[in-house]
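Asker: fold the following for me, if possible:
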Amino acid sequence: MKTIKLLIFLLALSSCNKYLGTVDPDYVPTNETTKVFANIKNDDYVTEVKFGNVIYPKLINPSPSLSEFKIDKITNIDKNTVINFINDRIIFSKDKKIYLIDNSDSNKYEYELNLNKDEKVLYIFEYEKESFILTNKTKLFMLTSQNVEEVVDHGVYTNITPIHLNNTLIILSVFGEIFEINLDDKSISKKGSINFNPGISIKSNLFEDSANFYYLFNTGTLVTLSKNNYEYLNNYILEDLNILTSLDSFNELLDTPFSYNESMYFLDRSGKIAVYNQFTSDILWELDINDTISSYIFTEDGYLILITFEKILILSNKGNVIYSYDHNKKLPLSIFKTQENIYFVSEEGISMLNMVDNIVESFYENKFTSNLDIYFFEQQIFLKDEKSLFKLSE
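Answerer: So this is what the prediction gives:
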């Protein structure tokens with residue numbers, strides 16, 4: 001009997017090794033926070049850094065060249081407003097209506113949507129030169145030159161922005177079901193289900209590596225889709241990281257992990273950062289900055305630029321903090337870059353950071369609310385909060 005129990009125990013260990021990946025016996029994850037922050041210097045050498053174009057969370061190529069600007073309010077919106085910029089037009093939702101602002105003639109058009117009481121617009125997109133609107137009940141509309149026409153009603157309840165891949169929409173229902181909508185014939189089919197962890201639904205970005213697409217179902221559940229027929233892969237990348245890390249668990253991801261130099265960057269809202277190779281189970285580096293991360297940008301040259309509740313931080317691709325600035329803003333919302341200038345947004349306005357003198361060089365006063373989104377469209381910058389849509393104009 002003891003022999004049988006021993007065999008079962010050894011088999012269990014072997015199974016766990018396949019699940020977790022093997023660990024290099026010489027590897028010891030370390031939290032570098034204390035050492036890194038003890039050595040922070042704001043020397044002039046940082047001004048020589050060329051960050052390159054922003055590639056995450058959204059590709060910006062080339063960066064807008066605004067040097068001085070003013071903040072113009074475009075229109076009033078609400079907290080549920082969804083927006084997209086299609087063919088020199090701004091298309092956005094408000095209540096049960098769709099609005100279109102044509103930049104060519106500055107006219108504003110209004111369209112009524114046939115929505116149920118608890119139904120709202122979830123996604124606006126373009127396919128085959130036509131503009132479409134998808135609701136949280138997977139009702140699909142097409143925007144024509146005259147009105148909005150209902151195309152199909154699939155009745156699947158979702159609160160997560162769909163994954164748009166070529167002629168396919170991947171729908172993740174509130175129950176973890178995965179559906180695929182074919183945009184050519186508008187048919188729907190079920191592909192599987194997710195065993196999801198507890199978490200908060202967020203506006204997730206879709207990132208990819210050579211083999212897979214990655215997306216967050218919620219802050220604690222990472223969805224992986226194969227590039228081969230968009231097949232759902234029930235892998236355990238986040239779980240593996242949480243077993244290997246020397247930090248506390250990554251439970252509230254700020255965004256989908258993105259890939260750089262064959263490794264994935266994990267950013268937890270609490271301030272934990274890990275760069276992890278899921279194929280070799282190696283953690284290249286990790287640290288805990290011990291401050292809540294509000295927003296980030298990542299450049300093609302491997303620089304991670306963060307805004308936290310207290311600081312602006314710039315990290316190299318080796319995990320070294322090469323720059324730190326105490327911003328002293330009560331509610332930091334987001335961060336963006338134009339050429340080599342760094343801007344950060346708070347509820348009080350927009351500040352431009354002069355890294356040479358380590359000061360705020362310009363400040364543009366404006367009242368912003370929470371849940372700020374930044375859009376880059378044809379060298380223009382738009383900001384959307386819960387009440388208004390703004391444009392930065394020279």
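Asker: switch to C-alpha atoms for all contacts and neighbour counts from now on
Answerer: Will do.
Asker: so residue 239, which state does it fall into?
Answerer: helix (DSSP: H, G, I helix; E, B strand; the rest coil).
Asker: any idea how many residues pack against it?
Answerer: Neighbour count for residue 239, taken as other CA atoms under 10 Å: 17.
Asker: ok, which stretches of the stretch 201-350 of the chain are helices?
Answerer: 237-244 (DSSP state H, counting those that start in this stretch).
Asker: residue ranges with poor pLDDT in it?
Answerer: The stretch 201-350 of the chain contains no residues with pLDDT under 70.
Asker: for residue 90, give me its contacts.
Answerer: With contacts defined as CA atoms under 8 Å, 6 or more residues apart in numbering, residue 90 is in contact with 83-84, 100-103.
Asker: how about those in TSV, adding pLDDT and distance to residue 375?
Answerer: Compiled in TSV, those are given as follows (pLDDT from 0 to 100; distance: CA to CA, whole Å):
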residue	pLDDT	distance to residue 375
83	97	10
84	96	9
100	95	17
101	92	16
102	88	17
103	79	16
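Asker: residue 200: which of those residues is nearest?
Answerer: Using CA to CA, residue 83 comes nearest to residue 200 of the contacts of residue 90, at 21.8 Å.
Asker: now that closest one, nearest residue through space, not along the chain?
Answerer: For residue 83, ignoring the flanking residues on the chain, the nearest one in space by CA to CA, 6 or more residues apart in numbering is residue 92 at 4.2 Å.
Asker: mind checking which helix or strand that neighbour is in?
Answerer: With secondary structure defined by DSSP states H and E, residue 92 is part of strand 89-94.
Asker: starting at the chain centroid, how far to that strand?
Answerer: Here strand 89-94 is found 21 Å from its chain centre; the criterion is CA atoms, centre = their mean, to the nearest Å.
Asker: what do you get for stretch 344-364?
Answerer: The chain centroid and the centroid of stretch 344-364 are separated by 23 Å under CA atoms, centre = their mean.
Asker: go on, stretch 194-212?
Answerer: In terms of CA atoms, centre = their mean, the centre of stretch 194-212 is found 10 Å from the chain centre.
Asker: how about stretch 315-335?
Answerer: Here stretch 315-335 is found 18 Å from its chain centre; the criterion is CA atoms, centre = their mean.
Asker: on that earlier part again, pLDDT wise, what is the residue nearest to residue 83 at?
Answerer: pLDDT recorded at residue 92 is 97.
Asker: okay, now it: neighbour count?
Answerer: Neighbours of residue 92 under the rule other CA under 10 Å: 22.
Asker: pretty sure it sits against residue 80.
Answerer: No. Residue 92 is beyond contact range of residue 80, at 10.2 Å (criterion: CA atoms under 8 Å).
Asker: that older thread, what's the angle from the helix or strand just after the strand holding residue 92 to strand 89-94?
Answerer: Downstream of strand 89-94, the next assigned helix or strand under DSSP H and E is strand 97-102. With axes from the mean of the first three to the mean of the last three CA atoms, to 10 degrees defining the directions, strand 97-102 sits at 160 degrees from strand 89-94.
Asker: need the residues that contact strand 97-102.
Answerer: 88-93, 107-113.
Asker: could I get those as TSV with distance to residue 346?
Answerer: Formatted as TSV, the entries for the contacts of strand 97-102 read as follows, by distance: CA to CA, whole Å:
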residue	distance to residue 346
88	29
89	28
90	25
91	26
92	24
93	25
107	31
108	30
109	32
110	32
111	33
112	34
113	34
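Asker: show me how to select, in ChimeraX, the buried members of those residues.
Answerer: Remark: buried members of the contacts of strand 97-102, expressed as a ChimeraX selection using 16 or more other CA atoms under 10 Å:
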select :90,91,92,93,113
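Asker: show me which of the contacts of strand 97-102 is closest to residue 308.
Answerer: Nearest to residue 308 among the contacts of strand 97-102: residue 92, at 29.8 Å, using CA to CA.
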